[in-house]
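Undergrad: turn this into a structure:
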Amino acid sequence: MKKISFIFLLLNTCYAQQVITTEDELKEFSEFYRLPLYRNNTTLHEVSTYDREGKNDDGFSGKYSFIRRNADSTLVMFDAKGPGVINRIWTPTPTDDTLDFYIDDSVFSLQYSDLFSGKVKPFTGPLCGNALGGFYCYYPILFQDSCRIISRGKKLQFHQVQWRAYAAGTRVKNSFKEFFLLPQKKGALPYKTTYINSRAAATIFEQSSGGRINSFRIYPASAFSGTEKKLWIRIIYDDERKPAVYCPVADFLGFAFGKPSMRSWLLGTSNDTAYCNIPMPYDSKCKIQLINNSAQRVRVYSSFDYSSPKRNASAEGKLYTSYNHQIYGKNDGPHVLLNVSGKGHFIGTILQCQGTVPGMTLFFEGDDSSIVDGKNMLHGTGSEDYFNGGWYAFPDRWDADYSLPFHGSLEYNLPYCRTGAYRFYLTDKVPFEKSFYHSIEHGPIDNNIPAIYTSLSFYYGSKPPEKLKAPADVKVYVPDTLMIYPQLTYLNIWNSVAVKSLWAHDTGGMSYVYTVKNETSLRFSLENIEDGKYDLYVDYGKFSRGAEVRILQRQNVVRDFFSTYSRDSSRVKMEKVGLLEKNGFSKAFSLEFKIDGDKDQFFLNRFVLVRR
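TA: The predicted model follows:
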């Protein structure tokens, strides 16, 4: 108990201190008990390259990618007065040009790319790196009076630089040391067995005196899988009338469209065990229930690590979430991630996005925006950018599920036109004194792409969020029309083939031109396609070098040879070619060719599957 009391004495004073060091900021990443602490008298800001005209030029041309151009043609990308700290730098377009950091009376220089490469200390993992098409640096760069970042290059493109302004009079000590501790692993705790009857609720945790939950585990996580989302979690503190947390368990744990996915340091699933390491302090009581809306009885095992020090109301907030599941038509929206009044700080979001019109995931072009205490303080450059990624639908970029400690992709499934992501804010948690409104667009301009958005946002404060529109049916939407784009389809090649990709039509994706021989065979995978029977359509081009093509599945002819030759070029958008079946034995289909002289090419835009 003495150790616990000492820790919370530190909690009461660590942000009130007049000297903040690099080590203080770094501890935010491993000492999760700091998450509930208010960061009083600070504000979070962002410098980004978003299109000021409301269009989609968020860095492509470089028009908004610098604050000013100096007389020597260098570019100023950041300029702020202190005291403060840069706590996040993100870009999908780093260069090998030199960046000069002018911090107070000193300067240091390095290649832009080496902020993320791991080659230059202290900019190393896990706080700095690259994945999912994005390059991120979370190493804190403190400054007392001022900080400028100047690029010696001739062009900058996409970037976001977040920084916290400390209270006037705060002293900072910038050490540039590698001082980072991994979170301490908890020992095994006993599990409690709970049966949840059909159409009933069961309590898995309850305390009638003040305290805090440090972490908890629930097994099996697979109990929460499925498209129906029949199991919900409800957390109530003290004598509050509204739940602090009320949502499907799957969405609380970072599932992706009904399947376990997230494996962050704070929240996720591992080895069929769900875990939550987000602290939950409360004043006098806490109850956690699981609600079973299914027709079957459910059994789960749970364990809780909790301690007795109750919340310090003057220094800490309680954990709340805002759940929002909405179906948007064209120009509806934007999607509200969080709308709350009062004092608190925002710490993260889990988001699932499902297009309702088959095709490319263009809804993910939408920008995020944060209005803090009535001022627009943060404005991003695109949805995958918000989650520290970049370049969705590009191979080895934002193209699959991938978990990192504090951000990641839950899924990217192009045939189903859906993706999901998460991001937690630790050293960059966003404080607010009166209100916080956080939203994200669905589409590049004016929320112009119809979609279904499901989000869960986390914050610490003193009361639940503002009431949102009641969610529609929250079950996972499964489209019956799927688009298979060649750019992200696994392909096996037999015999020689030359491949050229190009942007040819308004499909949202790239077209591919295959130069083939009579013996060439191309096998396209149906991985990530649910089992079933599908009508297959082909979107292809007819032109003067068009070969004859036939389509097979497991040696069975789906469509015999048909010509793609035409003297004049034209596009065939939807030609039905036959029936495919996806099952445990049939997981692909193949194309074979007949050529005649220089009629040796196949111009493919995409395949379309329509479920029977």
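
Undergrad: dihedrals phi and psi, residue 354?
TA: Note on residue 354: its backbone torsions stand at phi -130, psi 120 [degrees, to the nearest 10].

Undergrad: cool, residue 26 as well?
TA: For residue 26, the backbone dihedrals (degrees, to the nearest 10) come out as phi -70, psi -30.

Undergrad: could you double-check that it lies in contact with residue 140?
TA: Yes - under the criterion of CB atoms under 8 Å, residue 26 makes contact with residue 140 at 6.5 Å. Heads up, the C-betas are built off the backbone N, CA and C, glycines and all.

Undergrad: dihedrals phi and psi, the closest residue to residue 601 other than its chain neighbours?
TA: Nearest non-adjacent residue to residue 601, counting by CB to CB, 6 or more residues apart in numbering: residue 545, 4.4 Å away. Taking degrees, to the nearest 10, you get phi -110, psi 20 for the backbone angles of residue 545.

Undergrad: who are the contact partners of residue 545?
TA: By CB atoms under 8 Å, 6 or more residues apart in numbering, the contact list for residue 545 reads 565, 598, 599, 600, 601.

Undergrad: which of the residues in stretch 81-89 are classified as buried?
TA: By neighbour count with 16 or more other CB atoms under 10 Å, stretch 81-89 contains the buried residues 82, 83, 84, 85, 86, 87, 88, 89.

Undergrad: what is the mean pLDDT for that stretch?
TA: For stretch 81-89, mean pLDDT rounds to 97.

Undergrad: and for that stretch, what's in contact with it?
TA: Contacts to stretch 81-89, defined as CB under 8 Å, 6+ apart, come from residues 20, 25, 78, 104, 115, 136-138, 140-147, 159-168, 170-172, 427-428.

Undergrad: which of these are buried? Put it as a ChimeraX command.
TA: A single ChimeraX command selects the buried members of the contacts of stretch 81-89 (16+ other CB under 10 Å):
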select :20,25,78,115,136,137,138,140,141,142,143,144,147,159,160,161,162,163,164,165,166,170,172,427,428
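
Undergrad: beta partners of residue 129?
TA: Residue 129 forms beta bridges with residue 136, as assigned by DSSP bridges.

Undergrad: neighbours of it, how many?
TA: For residue 129, the neighbour count with other CB atoms under 10 Å is 19.

Undergrad: need the contact list for it.
TA: By CB under 8 Å, 6+ apart, the contact list for residue 129 reads 116, 118, 135, 136, 404.

Undergrad: what's the most distant pair in these?
TA: Spanning the widest gap among these are 118 and 404, at 14.0 Å by CB to CB.

Undergrad: so which residues of the stretch 301-450 of the chain form helices?
TA: Per DSSP state H, counting those that start in this stretch, the stretch 301-450 of the chain carries helices over the ranges 383-386.

Undergrad: that older thread, mutual contacts of residue 26 and residue 140, please.
TA: Residues touching both residue 26 and residue 140 by CB under 8 Å, 6+ apart: residue 427.

Undergrad: let me see the contact set for residue 288.
TA: By CB under 8 Å, 6+ apart, the contact list for residue 288 reads 203, 204, 205, 206, 216, 233, 234, 235.

Undergrad: how close does it sit to residue 460?
TA: According to CB to CB, to the nearest Å, residue 288 stands 17 Å off from residue 460.

Undergrad: now residue 100
TA: Counting by CB to CB, the gap from residue 100 to residue 460 is 37 Å.

Undergrad: the more surrounded of the two?
TA: Per other CB under 10 Å, whichever of residue 100 and residue 460 has more neighbours is residue 460, with 25 against 14.

Undergrad: quick check: closest non-adjacent residue to that one.
TA: residue 317 (3.1 Å).

Undergrad: mind listing what that neighbour touches?
TA: By CB under 8 Å, 6+ apart, the contact set of residue 317 is 36, 38, 343, 344, 345, 459, 460, 461, 462.

Undergrad: which residues sit in contact with the closest residue to residue 355 other than its chain neighbours?
TA: Nearest residue to residue 355, sequence neighbours excluded (CB to CB, 6+ apart): residue 417, at 3.5 Å. By CB under 8 Å, 6+ apart, the contact set of residue 417 is 354, 355, 357, 358, 359, 360, 361, 479, 483.

Undergrad: one more pass at 6 Å, please.
TA: Residue 417 makes contacts with 355, 358, 361, as judged by CB atoms under 6 Å, 6 or more residues apart in numbering.
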